[in-house]
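Visitor: Prediction below, plus the sequence it came from.
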Amino acid sequence: MVWAVSLRGGPWLVCDDVWRDVGNLMDDQRFSTGLLDMSDAARFLGIPRATFHRWARGYPRGGPLLHVLDATPRRAQVPFIAMAEAHVLEALRQAGVRPARIRPALTRLQREFGREYVLAAPELATDGIDVLWDFARTDEGQGLMAGHTGQLVMREIVEDYLRYVIRADDGYPRALQLRHCEPSKVIMDPYRAFGQPIFEGSRARVADVAGMLSAGEDPQVVADEHGVSIDDVRTAARVPSWATPPEFYFDENTVSRSVRRLLTGLGYCVHTPAELFGSREASSGAADEEWLERVTGRGWAVIGRDLKIYERPWELEAYRRARVQVFLLPGPGVRCAIGLSRRGQRPARSELRAVRQPAGAGTAVIPR
């Protein structure tokens with residue numbers, strides 16, 4: 001029998017065996033508990049943030065490739081299983097598989113293995129490579145593999161990445177060693193330290209070691225405090241430097257697609273109301289208080305055009321409560337950056353800056 005199930009990016013049609021696999025794992029915290037936001041997940045895996053976002057949201061020709069959780073306020077979206085899936089997907093990408101064309105192949109693997117989470121399934125390392133290779137030679141699989149890809153090389157690369165996956169008795173991953181943190185051995189285990197990356201052995205969280213360094217502590221003192229090596233301290237120092245650019249949210253009043261194209265072209269991640277609410281229809285006419293509640297805590301900078309916000313004290317107060325940074329673009333050639341501040345007061349005139357910037361070398365002009 002075939003079931004229509006509503007998974008993220010669905011509904012998808014899956015057979016009885018796959019549905020049983022999903023049902024058995026719904027209460028497993030490896031699959032159901034968010035541990036990281038997408039930016040941190042990409043950073044720890046050493047994957048470009050925009051790439052991780054595309055994998056999580058899906059390409060135009062198919063649904064999401066990762067099982068991330070739905071976006072809700074104050075909840076991390078990336079569960080442990082999505083970290084393992086992204087690790088394996090990166091292995092496939094390095095082996096010559098094109099992720100933008102892999103969705104039909106994953107559907108084939110689901111039918112072959114009777115599993116929903118095929119990227120994390122133990123069969124991927126054995127029969128899965130053969131299935132992908134054979135699928136790439138069908139009409140449906142055209143373009144899945146890069147021209148230089150060989151089956152033996154592909155298998156070797158994937159097997160190398162899978163050495164970092166530690167599996168439970170059910171065959172699914174129970175822990176993941178973060179390859180990008182070598183030579184230190186950094187582990188993500190959903191049952192330890194709330195799933196945050198830790199140094200194996202000392203169990204010190206990478207974020208805690210990095211935090212002491214950022215506060216100006218001597219590296220040797222940090223190492224002694226957490227029971228880690230100097231090499232581990234260097235790894236923690238490197239983590240914040242895997243810098244990810246700021247993410248932006250365009251409110252309903254930002255009408256120009258050219259602004260979005262400019263920012264995405266520069267490597268920035270841009271979120272839209274349709275993405276935040278699930279569809280363009282659901283986002284249409286949403287009150288500021290509603291989308292601000294959803295944006296709060298995500299660290300996104302808001303870009304808009306509504307300069308009349310200062311004439312509506314209740315809306316201004318909603319922005320302040322949300323504690324977001326807002327950039328307002330009032331017109332062609334004018335740059336207006338307003339820090340709706342955390343000080344709880346209206347910015348002084350000196351804080352409201354409108355700067356006319358002529359186009360030219362060294363300037364980034366945001367068109368209307």
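Guide: Happy to help now that I have it. Residues are numbered from 1 along each chain as shown.

Visitor: For the stretch 151-300 of the chain, give me the ranges with low pLDDT.
Guide: Residues of the stretch 151-300 of the chain meeting the criterion pLDDT under 70: 239-246, 252-256, 265-267, 297-299.

Visitor: any chance you could map the helices in it?
Guide: 151-162, 206-214, 219-226, 230-241, 257-265, 273-277, 280-283, 288-295 (DSSP state H, counting those that start in this stretch).

Visitor: out of the ones you listed, which comes closest to residue 140?
Guide: The closest of the helices of the stretch 151-300 of the chain to residue 140 is helix 151-162. By CB to CB, the value is 18.5 Å. C-beta here means a position set from N, CA and C on the backbone, and glycine is covered the same way.

Visitor: Quick check: buried residues in the closest one?
Guide: Buried residues in helix 151-162, counted by 16 or more other CB atoms under 10 Å: 154-155, 157-158, 161-162.

Visitor: helices and strands around it, which ones?
Guide: On a contact count with 3 or more CB pairs under 8 Å, 6 or more residues apart in numbering; DSSP states H and E, helix 151-162 meets helix 80-94, helix 127-135.

Visitor: Go through these and pick out the most buried.
Guide: Each of the helices and strands packed on helix 151-162 was scored by mean neighbour count; the highest is helix 80-94, a mean of 24, by mean count of other CB atoms under 10 Å.

Visitor: Now the element after it, going C-ward?
Guide: helix 103-113 (DSSP states H and E).

Visitor: Also compute the angle for that following helix relative to helix 80-94, please.
Guide: Put simply, helix 103-113 runs at 120 degrees to helix 80-94, going by axes from the mean of the first three to the mean of the last three CA atoms, to 10 degrees.

Visitor: Please list the residues outside helix 103-113 that contact it.
Guide: By CB atoms under 8 Å, 6 or more residues apart in numbering, the surrounding residues in contact with helix 103-113 are 12, 14-15, 18, 58-59, 61-63, 65, 115-116, 118-119, 121, 123-124, 127-128, 131-132, 135-136, 140-141, 144.

Visitor: Write the ChimeraX selection for whichever of those residues are buried.
Guide: Applying 16+ other CB under 10 Å to these leaves a buried subset, and the ChimeraX line that selects it is:
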select :12,14,18,58,59,62,63,65,115,116,118,119,121,123,124,128,131,132,135,136,141,144
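
Visitor: So which of the contacts of helix 103-113 are in helices?
Guide: 18, 127-128, 131-132, 135 (DSSP state H).

Visitor: Can you tell me, leaving aside adjacent residues, what's nearest to residue 200?
Guide: residue 185 (4.2 Å; CB to CB, 6 or more residues apart in numbering).

Visitor: Can you give me the distance of residue 162 to residue 48?
Guide: Separation of residue 162 from residue 48 (CB to CB, to the nearest Å): 22 Å.

Visitor: From the ones in helices among the contacts of helix 103-113, which shows the smallest pLDDT?
Guide: Minimum pLDDT for these is recorded at residue 18 (46).

Visitor: so who does the residue positioned nearest the centre of the chain touch?
Guide: The centroid of the chain falls nearest to residue 38 when counting by CA atoms, centre = their mean (2.4 Å). Residue 38 makes contact with 49, 52-53, 56, 68, 77-78 under the criterion CB under 8 Å, 6+ apart.

Visitor: which one among those residues gets closest to residue 323?
Guide: residue 77 (20.0 Å).

Visitor: For the closest one, grab the count of nearby residues.
Guide: By the criterion of other CB atoms under 10 Å, residue 77 has 20 neighbours.

Visitor: so it sits right up against residue 34, yeah?
Guide: Yes: counting by CB atoms under 8 Å, residue 77 does reach residue 34; the two are 5.4 Å apart.

Visitor: Need the overlap of contacts for those two.
Guide: residue 69.

Visitor: Of all the helices and strands packed on helix 151-162, which one comes closest to residue 201?
Guide: The closest of the helices and strands packed on helix 151-162 to residue 201 is helix 80-94. By CB to CB, the value is 20.3 Å.

Visitor: Now do the closest one and helix 127-135, the angle between them.
Guide: Going by the same axes, to 10 degrees, helix 80-94 makes 50 degrees with helix 127-135.

Visitor: Does anything pack onto helix 80-94? Which helices or strands?
Guide: By 3+ CB pairs under 8 Å, 6+ apart, helix 80-94 packs against helix 29-32, strand 34-36, helix 38-45, helix 49-57, helix 151-162, strand 165-167, strand 173-177.

Visitor: what would those look like in CSV with distance to residue 278?
Guide: As requested, these are exported to CSV (distance: least, CB to CB, whole Å):
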stretch, distance to residue 278
helix 29-32, 20
strand 34-36, 17
helix 38-45, 17
helix 49-57, 12
helix 151-162, 33
strand 165-167, 32
strand 173-177, 29
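
Visitor: To residue 322, which of those lies closest?
Guide: With CB to CB as the measure, helix 38-45 is the member of these nearest residue 322 (18.8 Å).

Visitor: how about residue 29, what does it touch?
Guide: By CB under 8 Å, 6+ apart, residue 29 lies in contact with 79-80, 190-191.

Visitor: So which of those wins on neighbours?
Guide: residue 80 leads the contacts of residue 29 on contacts (other CB under 10 Å) with 27 neighbours.
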